[in-house]
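Novice: Following is a predicted model, sequence given first.
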Amino acid sequence: MTKKEDLLLKKEVLNGLTAPSFYLLDNLEIKNQTDSTNDDAKESLKKPHNKLSAHLAEQQNSGRGRNNRKWVSPFGQNIYLSLGWRSNLTFSNIEGLSLAVGVRVAESLEELINEKIKIKWPNDLLINEKKLGGILIETSSDEKGTLEIIIGIGINVFMKNKDTNEIDQSWTSLENYKKRTLDRNLIAAKILNNLLALTKDFKTTGFAGYIQAFENRNALENKECEVILDGKIISAGLVTGINNKGELLIKINNEIINLRYGEVSIREL
């Protein structure tokens, strides 16, 4: 059972923010239970004064991952965090955003553990080929054409085996690699510091500023993979890298093909 002193606390998370992050963030909300922190962030952006709004929960009842898969969200063990960002960027400006977020989150967490975190295109965080967490980016535009970006992040921190019957892949938790005692309030603050910094620099650099950092963590680099469309394997090839749009480059029959996030899935052979 999670003790009261182990719960997420708004004051503790705010205390962990840097001064620039503190002044950038318009709103921070922490709930014991919610359907989805992504949905909470969407709702928050309806208020004109919230341009950057962060949402955490101890438990999600309807947490989701890519392709609407269920995100297992037991109470008081992990990080379920969404950042709502109202931006003047365009849809083309945010190509590769999920990969850049992956880089930022990995950098945040590696300060606390003894392992390197890799990123499996387009949105999984891995340690030793086991899933540590995931990223879900959702976008829409309001009536004025302003882009509303929701950055959803789930990180396994203290996940226990008894909570994982619905997970269909190998997984792991930060607790297994810790350098020191882990504090979820500190982890949330570290992630927020890096995400808020990203909202500033991504406007200038786009994904081009993150390509090399991603390539250094690319879990699929030089791996033979299957390409899956609508649940069916359509081809297979060798992953050779990434381009400046965040598209995965795969060599199929001696031709380099660009795979676009949201259109296909990929599975290592």
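Specialist: On my side now, so go ahead.
Novice: And L220, how far from N114?
Specialist: From L220 over to N114 the distance is 23 Å, taken as CB to CB, to the nearest Å. (C-beta placed from N, C-alpha, C; glycine too.)
Novice: Compare the two (neighbour count), which wins?
Specialist: Legend: neighbour count by other CB atoms under 10 Å for L220 and N114, higher for L220 (21 against 10).
Novice: Wait, that one touches L238, no?
Specialist: No. Counting by CB atoms under 8 Å, L220 does not reach L238; the two are 9.7 Å apart.
Novice: N222 is in contact with V239, isn't it?
Specialist: Yes. Assessed by CB under 8 Å, N222 is found in contact with V239 at 6.6 Å.
Novice: okay but Q60 is in contact with N32, surely?
Specialist: No. Counting by CB under 8 Å, N32 is not a contact partner of Q60; they are 10.9 Å apart.
Novice: Looking at these two, which is more packed in?
Specialist: It is Q60, of Q60 and N32, that has more neighbours when counted by other CB under 10 Å, with 27 against 11.
Novice: Who are the contact partners of that one?
Specialist: Each residue near Q60 by CB atoms under 8 Å, 6 or more residues apart in numbering is listed here: Q33, T34, D35, S36, T37, W71, S73, Y80.
Novice: where along the chain do the strands fall?
Specialist: Under the criterion DSSP state E, strands of the chain are mapped to 27-34, 52-60, 79-87, 118-120, 124-127, 130-141, 147-155, 224-229, 232-242, 248-252, 255-259, 265-268.
Novice: Now tabulate the ones you listed in CSV and tack on mean pLDDT.
Specialist: Shown next, in CSV, are these (pLDDT from 0 to 100):
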stretch, mean pLDDT
strand 27-34, 96
strand 52-60, 95
strand 79-87, 96
strand 118-120, 96
strand 124-127, 96
strand 130-141, 93
strand 147-155, 96
strand 224-229, 90
strand 232-242, 92
strand 248-252, 94
strand 255-259, 92
strand 265-268, 86
